[in-house]
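[1] Quick one: sequence and predicted model below, then my questions.
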Amino acid sequence: MNLLTAAPHDRKALAELRRLGFADPRAALANLHALTPEPRDAERLAPLLPRLLQALAEAPDPDMALNNLERLAAQGDRVALFRLLGSHPGALHLIARLGGTSQFLADTLRRHPTLFPWLLEGQTMRQWHRDELAAALEQTTSAFERLDARWNALRRFKYRQLLRIGSRDLLGDADLTVTTEELSRLADVCLEATWRWAEERLRERFGVPQGPDGAPTGLAVIGMGKLGGDELNYSSDIDLVFVYGEDGETSGGSEGRRPNGDYFAAVARDIVAALESVTEEGYAFRVDLRLRPEGRMGGIILSLDGYRTYLAERAELWERQALIKARFSAGDVQVANRFFELIRPFVFRPGLDPDIVAAVRGMKRQIDRSLSGKGVERRHVKLGRGGIREVEFLVQALQLLYSGDDPWLRERNSLRAIFRLTERGYLSQSLGRFLGDALVFLRTVEHRLQIVDEFQTHTLPEDPVALSRLARRLGSTLPPAVARRAFEAEYRRVTDGVHQAFADFFAAPPEAREPAFRVPTYTALKATGFVDPDRARQNLRLVLEGRPLVPYVEPMRRAVRAMFPVLLDALWQSPDPDEALNQFERFVAAAGPRTAYLELLADRPDLLTNLVKLCARGELLTQLLLTQPELLNRLADPATFAAPRRRADFRCALAPALASGLTQLERMDGLRRLKQAEELGIIWRLLLGVTDADRFSREMTALAEAALAAGWLMALEQATEALGVPVDAAWRLVPASVIGLGKFGGRELSTGSDLDLFVIYGGAGETDGPERVEAHVFYDRAVEALSSILGDVTAAGVVVPVDLRLRPGSKGSGFASSLPALGQYYREWADPWERQTLTRARLVGGDPRLGRSVRRAIQALVYGPEAPPPDLKEMRELRGRMEKELGKETPGRLHVKFGRGGLVDVEFITQAIQMRHGREHPAIRSPHTVTALRAIGVAGLLPADEAAQLAGSYRFLRRVSADLRLFGARPGDTIELAGPIPARLAKSLEYPSRKDFLDDYRRRTAWVRALYDRLVLAS
């Protein structure tokens, strides 16, 4: 039967359409006829009609999908449309999914039909980052002189990007986190452009705003709420706060001068009006300013000093809660950073505030009262019973309670905050997983409600047909009525679970009961070395009784009581009892109901004592145990103290993550857990003195290389599946190699280190897939996938962040370079510092044969006959900037890496000698600093005693740096002299006292700086 030629009342045709899922077969048949008004149109569509009907049948709303397809065909070129639908493998699925889900996206496509082929391009359907969006917006708007024309161009850009983001979302190419992040970045770049245009216009009239000292001052646009948390929906308001630097006056323009407050208020009003006004192209964004000081009654803008006064005198707790999500969105980033420094002590206060729980409970009651009587308490996805707001309030209450003492919890994004709270043990593993899954489910429901018509709705429809369509938009392939019932059951399960967790946490506290053991008194704890006895007593009670959301089962309570006397003794013997108890309590909370781990500690006093000692060393080791308490068994195994492991050992250990049959997420989580288990053993051996700092770094590097090998294989599989295999003109594989730089290249990784790397591929080629792309596109995709596989935060944490900033060309280039382009870049365009980074380049993965060619090319670039000598003037200037901008040493702060006489001084000395003499002395070319210094001494390029002393100082500084990372020092590599870190370092490094450690540190760094001055500065 040919549906394209069937009569309007043909029973068989109508029955077939009904079988395919069309609710109104007559309208569907009419749409098919309208789709092919001419016989030639029917001839063109007939070959792909079966596939088209199948794609429409799989759409959430087949009737809507077909109707939107017919409207699109009527608007544009049918011949081109049918040809594209028949030739591109993804076209039918995209048009059916988009047209059957979102009317506003389908209308956007109908108004701009040329965007359909754009959506099918590989470079379109990927994640766009802020700089790419900003460049595309600039290209779109720069052609227009008039401001109203720019605003219209901005609106067209916004809807084009919504079409791209929504299509990726509906096709499953982007998860919820990526989708909301892209929506938030889109708002950021639109805000940035609107702010810039407003400033340009007003500066012509009034000049540049200046502070009292005459220096220019600026305006920061702070994103709040969902925008601040990177959680925007398709129809979210954007919550904004405007803050400016200093009061003063503008420099004067065509209309004279204005007070800064008036000037910036005009900028803010212009931004809001430009975004909210409706033109023939629609609107950009609705703006909500109610989170500013004084809410609706307050001024549109406030200076930093005004904000400081407001926070000190009038701000309420709900504003602390709101400011958790504050994020720089547009404007002056320096003003924004000063704003964040200003609000930090107000939002994140040390110690526990017992009033927080009651205050947040009161805010939720107000919301409940506002919904009462409206019949939506169970249907309001955002504010209703068990809805998004209950998850957010629970998370934010925990952040307000604990993030003053635990900076890791200061996370704007609710989903990532749940992960961090679970990782730290403030939520049990099971509850953390449930709340994370619940938030993803509820936000996805919210998205699918808003994506239909771009309406800001949060309420489930009462109409059964509409609810069935929602269930289908959420991905159900069941018949409509069955899909509706399954969705209702799942929604009820999720919201009941969320509400129960919310009620448990915010319930009135039970009557206090005496613990089985008497907690030591304040005086006793003070006498045994606790600096904060009040917090110690609170922690000991939590160890004995458990946290509110991590209740003890009875066997676990017995195990805790059994080990409590040994724990107290271990704490009293600990070098830092406060930190040891803080971290140990978090571990006990993370263990949840798993009694066996605590029974193991009770049965093994030696293991408990060692664990307490290690907890005293800081949070990093404890953090690994928090995410995987089962690793405690590994620490109890004598095999953990066996000989140091090599890369081959680590590759075998990580291999299970690559097992067949696993999903991509399962592979990523498996790789994270396996890598963390191996890292735990490496750190354990270092802290108990089984291995030294150099062997520790080599093991950490070998583990990173093994993780890189697994991640690179997964990335290549992803790119190959999407694009095919890259081959040259002779159909040979175009290979690629991974080059490590920095600490990775030098085999000097520590805990928390990034992987500095770049990828080089062999040369020109194309993939052999259905959509042929050039080799550079394939490897760009692979490198982007690698960065995600290793660096993205999942429920299991991260493997290791990847840093691509040292790649040839950096931001101005793709993620991968060809071998010919590598040489050309460094010969013709690279700055001297970029050539200097190549002294630490080393093959770390990929094709070994190509890697040898890359190594020869790099050696020639750094040490070959045409390589220029080191530019010592450039090195001195770069080192000076590092010291000033990154080191930021003061009388009360030392910086191990960038400070005077720090690690970078040693590295610059070594690299200057390598670049000057490496051509004649190949032995000194090692990327490993200590090995290179040893060879430099042997070659007589430095006196042997100086080379040995320099290497010794470098080893000392690296050990200090490693310990700082283990202690969780923030900022990293920083020694705050007024805090506890110097004393902890002294104990860790076995100095008699804090003073002895600092004296030795200053002596060593002064000697290194003197040598640097002699060899680099004075040259």
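    Done, it's in.
[2] can you list the domains in the protein?
    11-119, 130-347, 355-506, 522-636, 647-863, 872-1017 (automatic domain parsing).
[3] With distance to Asn2, mean neighbour count and mean pLDDT added, can I get these in JSON lines?
    From N, CA and C alone the C-beta is placed, and that goes for glycine too. Output for the domains of the chain, formatted as JSON lines (distance: least, CB to CB, whole Å; neighbours: other CB atoms under 10 Å; pLDDT from 0 to 100):
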{"stretch": "domain 11-119", "distance to Asn2": "7", "mean neighbour count": "19", "mean pLDDT": "93"}
{"stretch": "domain 130-347", "distance to Asn2": "30", "mean neighbour count": "19", "mean pLDDT": "93"}
{"stretch": "domain 355-506", "distance to Asn2": "27", "mean neighbour count": "19", "mean pLDDT": "87"}
{"stretch": "domain 522-636", "distance to Asn2": "60", "mean neighbour count": "19", "mean pLDDT": "79"}
{"stretch": "domain 647-863", "distance to Asn2": "29", "mean neighbour count": "19", "mean pLDDT": "90"}
{"stretch": "domain 872-1017", "distance to Asn2": "70", "mean neighbour count": "18", "mean pLDDT": "92"}
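[4] Now that we have the ones you listed, can you turn them into JSON lines and tack on distance to Leu4?
    What follows is those, written out as JSON lines (distance: least, CB to CB, whole Å):
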{"stretch": "domain 11-119", "distance to Leu4": "4"}
{"stretch": "domain 130-347", "distance to Leu4": "27"}
{"stretch": "domain 355-506", "distance to Leu4": "26"}
{"stretch": "domain 522-636", "distance to Leu4": "58"}
{"stretch": "domain 647-863", "distance to Leu4": "27"}
{"stretch": "domain 872-1017", "distance to Leu4": "67"}
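[5] so which of the ones you listed gets nearest Leu3?
    domain 11-119 (5.4 Å; CB to CB).
[6] got the residue ranges for the helices in the stretch 701-850 of the chain?
    742-745, 775-791, 819-828, 832-837, 848-863 (DSSP state H, counting those that start in this stretch).
[7] so which of those gets nearest Leu435?
    Among these, helix 775-791 sits nearest to Leu435 (CB to CB), with 23.8 Å.
[8] Give me the helices and strands touching that closest one, please.
    helix 693-723, strand 726-727, strand 755-761, strand 766-767, strand 802-803, strand 816-818 (3 or more CB pairs under 8 Å, 6 or more residues apart in numbering; DSSP states H and E).
[9] how about 6 Å then?
    Applying 3 or more CB pairs under 6 Å, 6 or more residues apart in numbering; DSSP states H and E, one finds that helix 775-791 contacts helix 693-723, strand 755-761, strand 802-803, strand 816-818.
[10] okay, these in a markdown table with distance to Gly918 next?
    Rendered in a markdown table, the data for the helices and strands packed on helix 775-791 read as follows (distance: least, CB to CB, whole Å):
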| stretch | distance to Gly918 |
| --- | --- |
| helix 693-723 | 22 |
| strand 755-761 | 20 |
| strand 802-803 | 25 |
| strand 816-818 | 23 |
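[11] out of the ones you listed, which comes closest to Glu630?
    helix 693-723 (19.2 Å).
[12] quick one: the closest one to chain centroid distance?
    How far helix 693-723 lies from its chain's middle: 19 Å, per CA atoms, centre = their mean, to the nearest Å.
[13] That helix to strand 755-761, inter-axis angle?
    40 degrees (axes from the mean of the first three to the mean of the last three CA atoms, to 10 degrees).
[14] Now do the end-to-end distance for stretch 744-752.
    12 Å (CA to CA, to the nearest Å).
[15] can you list contacts of it?
    620, 697-698, 700-701, 704, 743, 755-756, 840-842, 927-929, 962, 965 (CB atoms under 6 Å, 6 or more residues apart in numbering).
[16] Repeat that for stretch 850-859.
    Contacts for stretch 850-859 (CB under 6 Å, 6+ apart): Pro735, Ser737, Ile760, Gly762, Gly823, Leu838, Ala841, Leu843.
[17] And the closest residue to Leu317 other than its chain neighbours, which helix or strand is it part of?
    Closest residue in space to Leu317, ignoring its immediate chain neighbours: Ala359 at 4.6 Å, by CB to CB, 6 or more residues apart in numbering. Counting by DSSP states H and E, the element that carries Ala359 is helix 355-371.
[18] Pro982 now?
    Element membership for Pro982, per DSSP H and E: helix 981-988.
[19] Sticking with Arg881, tell me its helix or strand.
    With DSSP H and E as the test, Arg881 turns up in helix 872-881.
[20] And that helix, how far out from the chain middle?
    Its chain's C-alpha centre and that of helix 872-881 lie 32 Å apart, by CA atoms, centre = their mean.
[21] So which residues make contact with that helix?
    Counting by CB under 6 Å, 6+ apart, Pro832, Trp833, Phe908, Val1016, Leu1017, Ser1019 sit against helix 872-881.
[22] The first one against Pro869, yeah?
    Same thing as Pro832. No. Taking CB atoms under 6 Å as the definition, Pro832 is not a contact partner of Pro869, at 10.0 Å.
[23] Identify the residues contacting Asp169.
    Per CB under 6 Å, 6+ apart, neighbours of Asp169: Thr179.
[24] Got the phi and psi for it?
    Per-residue torsions, Asp169: phi -60, psi -50 (degrees, to the nearest 10).
[25] how close does it get to Thr180?
    As judged by CB to CB, to the nearest Å, Asp169 and Thr180 stand 10 Å apart.
[26] Now Ala830: closest residue in space, sequence neighbours ignored.
    Pro808 (7.3 Å).
[27] residues contacting the one you found?
    Contacts of Pro808 (CB under 6 Å, 6+ apart): Ser817, Leu822, Tyr825.
[28] And for Val862?
    Taking CB under 6 Å, 6+ apart, one finds Leu838 in contact with Val862.
[29] try Ala562
    With CB under 6 Å, 6+ apart, Ala562 has these contacts: Ala602.
[30] And Leu525, by the same measure?
    Going by CB under 6 Å, 6+ apart, the list of residues near Leu525 reads Pro533, Ala536.
[31] any idea which element it lies in?
    helix 522-527.
[32] Repeat that for Phe82.
    Counting by DSSP H and E, the element that carries Phe82 is helix 78-87.
[33] Need the residues that contact that helix.
    Asp41, Arg44, Leu45, Leu48, Ala73, Ala91, Leu92.
[34] What is the nearest of those residues to Pro209?
    Ala91 (51.7 Å).
[35] show me what contacts Ala978?
    Contacts of Ala978 (CB under 6 Å, 6+ apart): Gly892.
[36] how long is stretch 883-891 end to end?
    Using CA to CA, the two ends of stretch 883-891 sit 14 Å apart.
[37] Now do that stretch: everything it contacts.
    By CB under 6 Å, 6+ apart, stretch 883-891 touches His895, Phe898, Gly899.
[38] Dump the helix holding Phe82 to PDB, restricted to CA.
    Extracted in PDB, the C-alpha atoms of helix 78-87 (Å, rounded to 0.1, in the frame of the first residue of the first chain):
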ATOM      1  CA  ARG A  78      11.500  19.900  -0.800                       C
ATOM      2  CA  VAL A  79      14.000  18.400  -3.300                       C
ATOM      3  CA  ALA A  80      17.000  19.400  -1.100                       C
ATOM      4  CA  LEU A  81      15.100  18.300   2.100                       C
ATOM      5  CA  PHE A  82      14.200  14.900   0.700                       C
ATOM      6  CA  ARG A  83      17.700  14.400  -0.600                       C
ATOM      7  CA  LEU A  84      19.200  15.200   2.700                       C
ATOM      8  CA  LEU A  85      16.800  12.900   4.600                       C
ATOM      9  CA  GLY A  86      17.700  10.100   2.300                       C
ATOM     10  CA  SER A  87      21.400  10.500   2.200                       C
END
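[39] Skip the chain neighbours and tell me the closest residue to Arg647.
    Here the residue nearest Arg647, using CB to CB, 6+ apart, is Ala702, at 4.2 Å.
[40] Repeat that for Gly902.
    Excluding the flanking residues, the one nearest Gly902 by CB to CB, 6+ apart is Val896, at 5.4 Å.
[41] thought that neighbour was touching Ser961?
    Yes. With contact defined as CB under 6 Å, Val896 and Ser961 form a contacting pair (4.9 Å).
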